[in-house]
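**Q** Next one to model:
(chains A and B)
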Amino acid sequence: MAYKNYILVCAGTACESNKGKALYEALEKEIKAAGVDAEAQLVKTGCFGFCEQGPIVKILPDESFYVKVGPKDAHEIIAEHIVKGRKVERLLYKENKAENDPRSNDISFYRKQLRIVLRNCAVINPEIIDEYIARDGYAALEKALFDMTPDSVVKEVSDSGLRGRGGAGFPTGRKWLFTKNTPADQKYIVCNADEGDPGAYMDRSVLEGDPHSVLEAMTIAGYAVGASKGFIYIRAEYPLAIERLNTAMAQSREYGLLGEKILGTDFSFDIEIRLGAGAFVCGEETALLASIEGNRGMPVPRPPFPAVKGLWGKPTVINNVETYANIPVILLKGAKWFSSIGTETSKGTKVFALTGKINNSGLIEVPMGTTLRDIIYDIGGGIANGKKFKAAQTGGPSGGCITEEFLDTPIDYETLQAIGSMMGSGGMIVMDEDDCMIDVTKFYLEFTVDESCGKCAPCRIGGRTCYNILDRISKGKGQPDDLQKLKDIGHSMRKASLCGLGQTAPNPFMSTMKYFEEEYRAHIEDKKCPAGKCKDLLSYSIDEVKCVGCTACARKCPVSCISGEVKKLHVIDQSKCIKCGQCFTACKFDAVKKG
Amino acid sequence: MAKLTLNDLRKLRDETKRNMSQRSTEGKRAEVVIGMGTCGIAAGAKAVFDAFLDEMSKAGIEDVTIKQTGCMGLCFSEPTVEVICNDMPHVVYGNVDDKTARRIVREHLAGKALVSDHIFDKPSTDIIKNAGK
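**A** Numbers count the residues shown, from 1 in each chain, chains lettered A, B, ... in the order given. Below you'll find the model as predicted:
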């Protein structure tokens, strides 16, 4: 008999790291203890996206949305909600206090979202293939194998307007067509799951929450271009995703949906996993292929493109996780439906990992063309602690900043490029007035300098030089011609670097110099950091008039550099001060000054 | 499990879809809300819940959600069942047992006719408005 209630528990990495596993086990125990195991099914599912409020428990069919649930809440949920049918009010997500138990679809975090890629995340148990099949899983593969020719599959993908979700946005159908039209005895399908941007976890969540969608799409791609072998290149830092992929692959092999003679046809296709060691450059396709071949992960010049000459010199389709996750839906609902979503040049949706100074950080999926304002203020719930929005960083270390004036720009590949950023894989870091753009830029550049493979000089030497310049600017030792120097080196790096890593490494400083030149000048000319972030340009002092001698600051100071007697003026010893800012926060009389 | 053929896959999909349909609330035309407070359970609401699930799967009805709620305050006529159908008046049934539950499925949900002899007659509007919400 069917169950009466379904308890969906998030088992994504974000929630698992927040006692999600203990919560699952506690619920399991409580269900047994209450004797309701025949009535309520506990479902371990993928990421709900609302990570800010995790761990999340959703009860169906009631659609009750419990947030910040801990293992100790398990008893109450089972004893009250499942046994007695009474909702546990204190755990329900409430947008505003007056509202009574909103259904999950009505929560504004979800209202403006359109979940195509994440269609099964937080709906099915990713470790059970039957649940994927119940959600029309493998129906697209069925359609491709029995009702479509390889040509018509490629045409459908081309017509849909789907573009690569990994960064540059190359039309997926064109890639497939190149590979299809290149004659070869062996072709390969590769999935790029080497997600490396700081703060980005779209691909991880798809693999953890819906691994079969990627397997199905790769098999379809294999059929379309005539490949019998696939590789998923995934970084070893994603153990849960790897585990789920392995489970999923074993299940589809058992069902004959992967392997020899799929569904009784003459088409055979199998997939292997290759673990990456976590080098950022291996997200670049030629470096990734080199790494799969067992060589050091370094890029080679293109052309020839992998679509023509890829893995072991054979034509290779290489797409990223999110791109693949779109494929089954496109085949099932049709190119026309898919191309009706989005903007003129960018079709479908995009998943973003929304992080930084925002109230609802999490994983979101919106139609292309959604404005940044909608994302930050409606879905993201605005800037945390009532601060002012300064910029949003997209595209990771290869991207740039979007400033306030562009909040209403519809986001797609072209518009982002036009304003000096890029879509990238979809990391979106929101910054407020307390963030220093030089500090942020330095962080990204340090990352690319660190990750540069060192093969070509523009990237290896240019990146290091620019980092040194930024570093001295942040320390108040900037020189008047530093901005020009950064621009010159940046242009050369863009033109002369071998691969995308070096070509895009200047983007963070090129973009911030364009929109925040004033802030750069303040660092260089006035030796001041307006945001109060660069420690070397910062000093704390105590106002003689305002200080009442309460000793609060002196007690907080970790290096004991504040001296003064009770009810008398306190003084900071600048030579010992480490500029941690604790005195500033501790003072209740506004007597500690920052500047 | 042996390898699937096309027909196996289609069959499996239909089967799993049915199993998961109770989980989803999309595209449902009606809602059955069963009072499962202590009073409801004591009066046999659990058996009524089972009867609903069983009869609906027998009748092949998939577009109805069954939910449970707490006590509606009508403890004297438990088990109570509220039926919210898109194109019919909201109705609260009282003293529902296994047999009545099956009649509600056949007559109300499938046949679109109220099971008149079990309707809880004109309950206070404020109770009905808040019930099950």
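**Q** Please report the number of neighbouring residues for A:K475.
**A** 14 (other CB atoms under 10 Å in any protein chain shown). All C-beta spots, glycine's among them, are computed from the backbone N, C-alpha and C.
**Q** now the strands: where do they sit in chain B?
**A** Secondary structure of chain B (DSSP state E): strands at B:30-35, B:64-69, B:81-85, B:91-93.
**Q** Please look at B:N95 and B:V115 and confirm they touch.
**A** No - if you go by CB atoms under 8 Å, B:N95 and B:V115 don't touch, sitting 11.4 Å apart.
**Q** The two: which has the busier surroundings?
**A** B:V115 (20 against 17).
**Q** so the more buried one sits right up against B:G94, yeah?
**A** No - taking contacts as CB under 8 Å, B:V115 lies outside contact range of B:G94: 11.0 Å.
**Q** Identify the residue nearest the closest residue to chain A within chain B in space, chain neighbours excluded?
**A** Per CB to the nearest CB, the residue of chain B with the smallest distance to chain A is B:K3, at 2.8 Å. Sequence neighbours aside, A:G256 is the residue nearest to B:K3 in space, at 2.8 Å (criterion: CB to CB, 6 or more residues apart in numbering or on different chains).
**Q** gap between the one you found and A:G161?
**A** According to CB to CB, to the nearest Å, A:G256 and A:G161 sit 33 Å apart.
**Q** what about the two, which has more around it?
**A** For A:G256 versus A:G161, neighbours defined as other CB under 10 Å are more numerous around A:G161 (23 against 19).
**Q** which SS class is A:V69?
**A** coil (DSSP: H, G, I helix; E, B strand; the rest coil).
**Q** Next up, the contacts around the closest residue to it other than its chain neighbours.
**A** Computed as CB to CB, 6+ apart, the closest residue to A:V69 that is not its neighbour in sequence is A:V57, at 4.8 Å. If you count contacts by CB atoms under 8 Å, 6 or more residues apart in numbering or on different chains, A:V57 has them with A:I7, A:L8, A:V9, A:C10, A:L23, A:L27, A:Y66, A:V69, A:I77, A:L91.
**Q** what do you get for A:I133?
**A** B:L9, B:L12, B:R13, B:T16.
**Q** per-residue pLDDT, A:A591?
**A** What the model reports as pLDDT for A:A591 is 90.
**Q** which residue sits closest to it, ignoring its sequence neighbours?
**A** A:A591 sits nearest to A:K546 (CB to CB, 6+ apart), 3.7 Å away.
**Q** Confirm that that neighbour lies within a helix, as I assumed.
**A** No - counting by three-state DSSP, A:K546 is not part of a helix but coil.
**Q** Can you list the strands that the helix or strand A:Q393 falls within pairs with?
**A** Using DSSP states H and E, A:Q393 falls within strand A:389-394. Partner strands for strand A:389-394, per DSSP bridges, with pairing direction: strand A:400-403 (antiparallel), strand A:427-432 (antiparallel).
**Q** Dump those to a markdown table, plus mean neighbour count.
**A** Below are those laid out as a markdown table (neighbours: other CB atoms under 10 Å in any protein chain shown):
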| stretch | mean neighbour count |
| --- | --- |
| strand A:400-403 | 26 |
| strand A:427-432 | 24 |
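**Q** Including mean pLDDT, could those strands go into a markdown table?
**A** Shown next, in a markdown table, are the strands paired with strand A:389-394 (pLDDT from 0 to 100):
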| stretch | mean pLDDT |
| --- | --- |
| strand A:400-403 | 90 |
| strand A:427-432 | 91 |
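**Q** For A:E272, find the nearest of these.
**A** Minimum separation from A:E272 across the strands paired with strand A:389-394 (CB to CB) falls at strand A:427-432, 27.9 Å.
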